[in-house]
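Chemist: what's the 3D shape of this:
(chains A and B)
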Amino acid sequence: MNIFQLYRLVARNQRLATRRHPMFSKGKFMKIFIYLTVAFWAAYLIFFGVLFGTVLKEDSIEPYDRINGGMLFFLIVDFFARFMAQETPAQEIKPYKLLPIPQKSLINIFLVRMGLQLYNLMWFFFLVPFGILCIPEDWGFMGFIGFLLGWWLMFVINAYWYLLWRTLINRKSVFFLIPLVIYAVLVYFGYLHDMNNQWLFYATLFLGRGFIQWKWWSFLSIIAIAVVMFFVNQRIQLASIYREISRETTAMKVKTQKMTFLDRYGVIGEYLRLEIKSIRRNKVVRSQFYIGIFYTLLLCLLLAFTNIYDNAFMTVFILIYCFACLGTITLTNIMCSEGNYMDLLMSRRESALALLKAKYFFNCIMLILPFLISLIPVFQHKFTLLDIAGSMFFTSGCIFPFLFQLAVYNNTTIDLNNKVTGKNNMRGSKTQVIMSFAALFLPMFIMYGLVVAFGDNKVGAPLVMLILGLVGTALHPLWLRNIYKRFLARRYENMEGFRSTRKS
Amino acid sequence: MDLTVSNVRKTFGTTVALDINQFVIHSGDLLGLVGNNGAGKTTLFRIILDLLKPDSGEATMSGDIDGNMVSYVTSKCEDWKDFTGAYIDNGFLIDYLTPEEYFYFIGKSCGIDREVIDQRLMKFEHFMNGEVLNHNKLIRDLSAGNQQKVGIIGAMLNNPQMLILDEPFNFLDPSSQIAIKYILEQYNKETGATILISSHNLTHTIDICSRITLLEHGVILKDYSKEYANLTAEIDAYFRGEVIDTPVASVEINSIEIDVEDPASGYVVEGQNPTELE
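Modeler: Purely as a prediction, here's the structure:
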């Protein structure tokens, strides 16, 4: 097999991998959803391309100079966006390892394909309309082509830089900090340290001008960097193949926490214990929980120590999400981690009901955290206790029942220890997507509607919310059982989904 | 506990995975299900356990529970779960627990105290061979063999009257295979529980099972009692690809109605008691 045949083979396999991605196999809705998402971002970027191309013309600096000067920020966004999709060749090369193919050739092919991947053209949705509006009138059509070519090379370098970093963090998590530190240093010293001398702005402006004017040094320097990055990656990837293949997860010795205080709650206590252990011992569940806690604390602290909620909309937004954001983040995937052992749950009487109850209690208990922090603005007389209690019970009695409906429809197993953004965890059903969006926005609109309806009456809205919330909370055994019955009615469909998306 | 599988048919696309007219497993039977890959063994178990919806038909468990005669269609209620234990694959394992935590979890969900669980675990000491308990390791960090042990033990902790194990000898080392054979035989003798196992290991299956059922392409081809003289020879011959020339009617089994197909003649008798054909 010569190098071209090998290239075609790898390209074909990569195309098949994309086409047969589990998300696509979820049916038409998910396909349309993916296309719509891409179309949305494309439209979004085109809009900003046109906007910047028009608005910046009135600036004293040429629009393309302004964009070229801010090149670093585009590259930073692009770098972190790659976290969602790009895998390392060392991971992809595994299936080819035993085939009689020179590894170096294989790595080279993967790297070339990484440079040529369509993703590197994503920013063209922004750059093309922007460039058309600004560049040809000053530099002609070739100036525009040079501008695009230069930026494309920058994104290719970014792809290799990302790849390098992504491979290194597979070795040691601490490498996670490298880009954060580098970008922080560059942004601070390049832009913020001396506002009269933003050297990085002018450096990238100069480089961008070079692209537009087809200066040999600009392309040569960038191509040289790309080539160096290519070969550095080649070496690192070759070394990483053996690590990937021989990677053994070291068996973790765990301390058995008995949490005996939960014994008094019988089976529910046992499931609560399970919930806590799941958070502690599973990377994905833990990450979701920490992200939820992070946003809860962030919103609570905004509520307690800032005044950004001075208008009615922001007040509603922050108050509701102080309480609801943890639940919204974790419950959107309700039952997905349990998909790993759904057969066990389904072979024990009413165990799924006990699980749902435990999850409900756990999430209710977690509401204590935002409640306590929210007392600070209450003591500062920014809010009343009724506002806080209304939001809290509205969450436990109205938002949670809504989110728990997903237990009926979710049927995708989450790989508990894959990275959160791993491909295998980027799946979901139509209902899951719709309900997640609804859960994110509906409560806010309901509460905002109440605030508007009651106008100057500051007690009305939180009081209605409190009453609704208390009723919903008190009725939890009823609606949880109803969910359980509907869950049983869909059990075959769901179990098939869980099984087909389980790792092994 | 009797188990009756009636009119069960399951297709995946155009492939018929299971097509059983009537299949009765009597209380106290230790039945071994043998067949090649894709025969429908796991599908049958999943349908019995209500983990998979058949296109038609149902499984019924009936018998004496605490002095009461009961009969439960597994897809229509959950009562049968109280006296059933099963292990099919690692979808039955909560792999982020230690084995001890897992066993106590099973105990709790079956209403069994920790002390009782500890006592019951002692029976499996030889089987665990010191590799499962007290290592503070998560189940996911155990070897495949030890995970299999945890799953099997978990299925037996509630002393089930109906025990279903899919490929119980898989992944186990020879000592553990012998140990589990002994455990299953003893459990069957002591409790009179009905036990269904599927296996590719013909020797072990024939050694311990009172009945051997040959399933192929979703259809029950033969159903032998252990006493049948040519049992081993016939099963060996079948898996060697030879035509079994023994007429179906001569298979000595008792009061069972099955879809019977004679591989030699391709003759199928639906829902008939083979002994009646003689």
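Chemist: residue 229: neighbour count?
Modeler: With no chain named, the answer covers chain A. 20 (other Cβ atoms under 10 Å in any protein chain shown). To be clear about C-beta, it is placed using only N, CA and C from the backbone, and glycine gets the same treatment.
Chemist: that's the other chain; I wanted chain B
Modeler: Neighbour tally, B:Ala229, other Cβ under 10 Å: 8.
Chemist: helix, strand, or coil at it?
Modeler: When classified by DSSP: H, G, I helix; E, B strand; the rest coil, B:Ala229 comes out as coil.
Chemist: can you give the domain ranges for chain A?
Modeler: Residue ranges of the domains in chain A are recorded as A:3-245, A:260-501, according to automatic domain parsing.
Chemist: of these, which is nearest chain B?
Modeler: domain A:260-501 (3.7 Å; Cβ to the nearest Cβ).
Chemist: I'd like the mean pLDDT over the closest one, please.
Modeler: Per-residue pLDDT over domain A:260-501 has a mean of 85.
Chemist: try stretch A:98-117
Modeler: Mean predicted confidence for stretch A:98-117 is 84.
Chemist: pull out the buried positions in it.
Modeler: Neighbour counts over stretch A:98-117 (16 or more other Cβ atoms under 10 Å in any protein chain shown) mark A:101, A:106-111, A:114-115, A:117 as buried.
Chemist: circling back: and the domains of chain A, which is most packed in?
Modeler: Among those, the stretch with the highest mean neighbour count (mean count of other Cβ atoms under 10 Å in any protein chain shown) is domain A:260-501, at a mean of 19.
Chemist: about what we covered before: can I get the domains of chain A in a markdown table including distance to B:Lys149?
Modeler: As requested, the domains of chain A are arranged in a markdown table below (distance: least, Cβ to Cβ, whole Å):
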| stretch | distance to B:Lys149 |
| --- | --- |
| domain A:3-245 | 28 |
| domain A:260-501 | 16 |
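Chemist: will you turn these into TSV that also has distance to chain B?
Modeler: Below are these laid out as TSV (distance: least, Cβ to the nearest Cβ, whole Å):
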stretch	distance to chain B
domain A:3-245	14
domain A:260-501	4
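Chemist: what's whichever strand or helix holds A:Tyr290 packed up against?
Modeler: Element membership for A:Tyr290, per DSSP states H and E: helix A:283-305. With contacts taken as 3 or more Cβ pairs under 8 Å, 6 or more residues apart in numbering or on different chains; DSSP states H and E, helix A:283-305 sits against helix A:266-281, helix A:312-331, helix A:368-379.
Chemist: that helix: how far from the chain's middle?
Modeler: 14 Å (Cα atoms, centre = their mean, to the nearest Å).
Chemist: tell me the angle of that helix relative to helix A:266-281?
Modeler: 90 degrees (axes from the mean of the first three to the mean of the last three Cα atoms, to 10 degrees).
Chemist: residues in contact with B:Leu215?
Modeler: B:33-35, B:39-41, B:44, B:221 (Cβ atoms under 8 Å, 6 or more residues apart in numbering or on different chains).
Chemist: skipping its backbone neighbours, what lies nearest B:Asp95 in space?
Modeler: In space, and not counting its chain neighbours, B:Asp95 is closest to B:Arg140: 3.7 Å by Cβ to Cβ, 6 or more residues apart in numbering or on different chains.
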